[in-house]
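**Q** Got a predicted model here, sequence first, then my questions.
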Amino acid sequence: MQDQPPIGQAVLEFYKVLPFNYRHSVAEHAQQIRARDAIAAYSVLPPLLRDPAARVLEIGCGTGWLTNAIAYHYRRPALGIDFNPVAVERARAVSRALEVESQFLVADLFQWAPDAPYPLVVSLGVLHHTADCVGAVRRLCVDFVAPGGHLLVGLYHQPGRRPFLDHFQAMEAAGASEDEMRDRFGELDSRIAEETHLASWFRDQVLHPHETQHTLREMVPVIEDCGMTLVSTSINRFQPFQSLEALYREEQGYAEIAAERLAAGQYFPGFFVFLAAKRA
Ligand SMILES: C[S@@+](CC[C@H](N)C(=O)[O-])C[C@H]1O[C@@H](n2cnc3c(N)ncnc32)[C@H](O)[C@@H]1O
């Protein structure tokens, strides 16, 4: 099974031109990883990474910030796969610059499978760019995660993504040029200063040839059907939760939050993350 053409092919060609989160130099990528442990933003990961038995598989690693940061900050074995050879080449170069033991493979997540399942599998911002997001989540749960292991997935949220997409679609409909839309994106996401980096984020967020949006309510039955249970989610800021229904109610408020952030001139991509555990 391969990510179905024409979607998989279009997504691959799009990222070959400029991978997501690409910086102008290897040194700059490496410096960003050294300077700050960006993994800490995903607060459920550090406790799992401190386990001496942790081995990490990242699906759709792109330029490898996560896999290389795991190797650098947590000294755990980590393998990243991505079907874009341009991104993987950069990830390997950053690994060499950091002198860490991360590994990278050029592979399509629908075709490749690990020799043995992993205790921790991570995939951020990837599966919603495939022709079959639910099928991809199933594949990770069933074939990639070891019994007793964990899966962390990040996806665009429906309806939390809508205000952002509507904003740029309205600009385009009103005749805005690509440069004007990129400048607007740069205003919203003021973290990004460097030109190549900004272009790589803008293309990924605004010009992408294929994305789908999802909900926790949709994903929980999928993971449960694969023998996994929900442990934690960014929907309630990774706090303990009373019930799934309470989380489903909370996620309905995502569109409103997104609209408020946009009105305040802040970047809000409409993205959510969930951590699932597989029965031992
Ligand atoms: C938005 S980027 C995210 C990259 C990385 N996870 C990060 O957080 O920086 C999406 C990545 O998914 C990869 N991808 C999409 N479909 C894939 C597939 N079928 N197999 C492997 N990688 C895929 C793309 O090449 C791209 O690097």
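**A** Nice, I can see it. Residues are numbered from 1 along each chain as shown.

**Q** For the longest helix seen in the chain, name the packing helices and strands.
**A** Longest helix in the chain by number of residues, with DSSP state H as the criterion: helix 85-98. Contact partners of helix 85-98 among helices and strands, from 3 or more Cβ pairs under 8 Å, 6 or more residues apart in numbering; DSSP states H and E: helix 7-17, helix 26-35, helix 65-69, strand 78-82, strand 103-106. C-beta coordinates here come from the backbone N, C-alpha and C atoms, glycine included.

**Q** near the ligand at all, that helix?
**A** Yes. Applying Cβ under 6 Å from any ligand atom, one finds that helix 85-98 is in contact with the ligand at Ala87.

**Q** Which residues outside that helix are in contact with it?
**A** Contacting residues not belonging to helix 85-98 are listed as 15-16, 19-20, 22, 26-27, 29-30, 33-34, 61-64, 67-68, 71-72, 80, 82, 101-106 [Cβ atoms under 8 Å, 6 or more residues apart in numbering].

**Q** Let's have the helices and strands packed on helix 85-98 in TSV, adding mean neighbour count and mean pLDDT.
**A** Compiled in TSV, these are given as follows (neighbours: other Cβ atoms under 10 Å; pLDDT from 0 to 100):
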stretch	mean neighbour count	mean pLDDT
helix 7-17	16	97
helix 26-35	17	97
helix 65-69	26	98
strand 78-82	26	98
strand 103-106	17	98
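
**Q** Which single strand of this protein contains the most residues?
**A** Taking DSSP state E as the assignment, the strand of the chain that covers the most residues is strand 145-156.

**Q** For the closest residue to Trp112 other than its chain neighbours, list each beta-bridge partner.
**A** With sequence-adjacent residues excluded and distances taken as Cβ to Cβ, 6 or more residues apart in numbering, Trp112 is closest to Ile81, at 6.2 Å. In this structure, Ile81 bridges to Ile59, Leu105 when assessed by DSSP bridges.

**Q** moving C-terminal of the longest strand of the chain, what's the next helix or strand?
**A** Using DSSP states H and E, the helix or strand that follows strand 145-156 in sequence is helix 162-173.

**Q** how distant is that next one from the center of its chain?
**A** Put simply, helix 162-173 sits 22 Å off its chain's centre (Cα atoms, centre = their mean, to the nearest Å).

**Q** between the helices and strands packed on helix 85-98, which one is nearest to Arg191?
**A** Proximity to Arg191, assessed across the helices and strands packed on helix 85-98 by Cβ to Cβ, is greatest for helix 26-35 (11.2 Å).

**Q** elements contacting that closest one?
**A** The helices and strands touching helix 26-35, judged by 3+ Cβ pairs under 8 Å, 6+ apart, are helix 65-69, helix 85-98.

**Q** Next one: that helix, is it in contact with the ligand?
**A** No. When contact is scored as Cβ under 6 Å from any ligand atom, no part of helix 26-35 falls within range of the ligand; the minimum is 10.9 Å.

**Q** and what of stretch 185-199?
**A** No. Remark: stretch 185-199 sits outside contact range of the ligand, by Cβ under 6 Å from any ligand atom, the gap being at least 11.7 Å.

**Q** try stretch 115-129
**A** Yes. Under the criterion of Cβ under 6 Å from any ligand atom, stretch 115-129 makes contact with the ligand via Leu124, Gly125, Val126, His129.

**Q** quick one: which of the residues you listed is most hemmed in?
**A** Comparing the residues of stretch 115-129 next to the ligand by number of neighbours (other Cβ atoms under 10 Å), His129 comes first, having 26 neighbours.

**Q** wait, isn't it in contact with His210?
**A** Yes. Shown here, His129 and His210 form a contact pair, counting by Cβ atoms under 8 Å, at 5.9 Å.

**Q** Determine the residues that are contacts of both of those two.
**A** With contacts taken as Cβ under 8 Å, 6+ apart, the residues that reach both His129 and His210 are Val11.

**Q** so where is the chain shaky, pLDDT-wise?
**A** For the chain, the stretches with pLDDT under 70 are 1-4.

**Q** Distance of the closest residue to the ligand within it relative to Asp51?
**A** Across the chain, the shortest distance to the ligand (Cβ to the nearest ligand atom) belongs to Gly62, at 2.8 Å. Taking Cβ to Cβ, to the nearest Å as the measure, Gly62 and Asp51 are separated by 25 Å.
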